[in-house]
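Peer 1: no sequence on this one, just coordinates:
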DNA sequence: GACTGTAGCGGACACGTGTCCACTTATCCA
DNA sequence: TGGATAAGTGGACACGTGTCCGCTACAGTC
């Protein structure tokens, strides 16, 4: 398991790209123009795409911190609350992040999808699985759903416009949560 | 309410565009390249965009037939089944259409969204509203959801890849449906 | 049938995405 | 230290989207 040894300049370029992306994102989610980011970072298009093959990869990196926090929150919530409530609070947290920076949503859903395609659950998948499993063990969450199901359902958030967010995002989360619970 | 009198050539161009789009779509959903459609229809780019300002508008027109059928199905289902089952069957039907031609999904969701933005419910919104209202009247569907909520939730279908469709599309529909029902 | 105002046309253009590949240079090892 | 080598670079290019605007020819009028 020797580290593949990355060249120093590559590392620095990568950092500069992320920095430039963050700056662009600060000006609005749709301001993330890959060619502009490359230029801003003083790097060729090819270099950008080498480091981040897809836009989602770049987003995932920019919001890594947030996603990590979200992942870390799952077990903590489970310690302090019954499973269904832990799941509800985790959802709520996700919506909180996503409201301010929509990119987080892309990072989460795309990240999870890629991990899954790559064979593993990935950190996000694991977090959700843990939440579900706890509820399934005690019979409060329906047994026939998995992490991917939840991630897919949550995807509805990405269709919400800015004005629709406030009235619908949280509300629909409760609908989804009810769908995930077992019927008494 | 006099019809604004459309020029004959405009009507014909419009028809040719739709025809070309249908042909392109037959070769795969992602084969719908607007510039190619315009060329194929023997029409300039400008003409295409004049008739169909957005890709969704074009999709909506191509799948108009299917969407109309879907809309017409709602009251029929309500006649023959209790509200919740009618809704379930309507969902099922939607998934059926969408499986073969994903474009229908875009047509439905985008169409509904535009109608809403334009102030009215639009035909799709009306159909869903009818289904919901029936269930809400008898207390089997939660009172705090509207047609737009349902359309948004259904949006998850658009994130499903070809291989994921089979195992998840219908299954998740039951989860959503459970979320929409009142808890006993 | 010629005249004309305008609805409608069409294609050039600006922009963003993503790919490709000849070249450069950081790193390793003798 | 200096030469080999492959990791890494960058920017030209092909493509699709959507806009803009000067021109065309259809549809009424005389």
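Peer 2: Yep, that arrived. Here the structure is a predicted model, which means the values were calculated and not measured.
Peer 1: Okay, now the unreliable bits of chain A?
Peer 2: For chain A, applying pLDDT under 70 flags the ranges A:1-5.
Peer 1: can you give me the strands in it?
Peer 2: Counting by DSSP state E, chain A forms no strands at all.
Peer 1: Contact partners for the residue nearest to the spatial centre of it?
Peer 2: By C-alpha atoms, centre = their mean, chain A has its centre lying nearest to residue A:108, at 1.4 Å. Contact analysis of residue A:108 by C-beta atoms under 8 Å, 6 or more residues apart in numbering or on different chains lists A:67, A:70, A:94, A:98, A:124, A:151, A:154. C-beta coordinates here come from the backbone N, C-alpha and C atoms, glycine included.
Peer 1: next one: residue A:71
Peer 2: By C-beta under 8 Å, 6+ apart, the contact set of residue A:71 is A:123-124, A:126-127.
Peer 1: Tell me the one of those residues nearest residue A:74?
Peer 2: Closest approach between the contacts of residue A:71 and residue A:74, by C-beta to C-beta: residue A:127, at 3.8 Å.
Peer 1: burial of that closest one, as a residue count?
Peer 2: Per other C-beta atoms under 10 Å in any protein chain shown, the neighbour tally for residue A:127 reads 24.
Peer 1: Please report the distance of the spatially closest residue to it that is not a sequence neighbour from residue A:94.
Peer 2: Nearest residue to residue A:127 in three dimensions, chain neighbours excluded: residue A:74, at 3.8 Å (C-beta to C-beta, 6 or more residues apart in numbering or on different chains). Distance, residue A:74 to residue A:94, using C-beta to C-beta, to the nearest Å: 11 Å.
Peer 1: likewise residue A:20?
Peer 2: 27 Å.
Peer 1: how about the closest residue to residue A:42 other than its chain neighbours, what does it touch?
Peer 2: Closest residue to residue A:42 apart from its sequence neighbours, by C-beta to C-beta, 6+ apart: residue A:16 at 6.7 Å. Counting by C-beta under 8 Å, 6+ apart, residue A:16 makes contact with A:41-43.
Peer 1: The nearest residue to residue A:106 once chain neighbours are set aside: neighbour count?
Peer 2: Nearest non-adjacent residue to residue A:106, counting by C-beta to C-beta, 6+ apart: residue A:59, 4.9 Å away. As a burial measure, residue A:59 scores 26 neighbours (other C-beta under 10 Å).
Peer 1: again with the one 4 residues further on
Peer 2: Each residue near residue A:63 was counted by other C-beta under 10 Å, and the total is 24.
Peer 1: So what does it look like in phi/psi?
Peer 2: Main-chain torsions, residue A:63, degrees, to the nearest 10: phi -100, psi 20.
Peer 1: from memory it sits against residue A:101, does it?
Peer 2: Yes - between residue A:63 and residue A:101 there is a contact under C-beta atoms under 8 Å: 6.7 Å.
Peer 1: Now list whatever residues contact both of these two.
Peer 2: Counting by C-beta under 8 Å, 6+ apart, residue A:63 and residue A:101 have no common neighbour.
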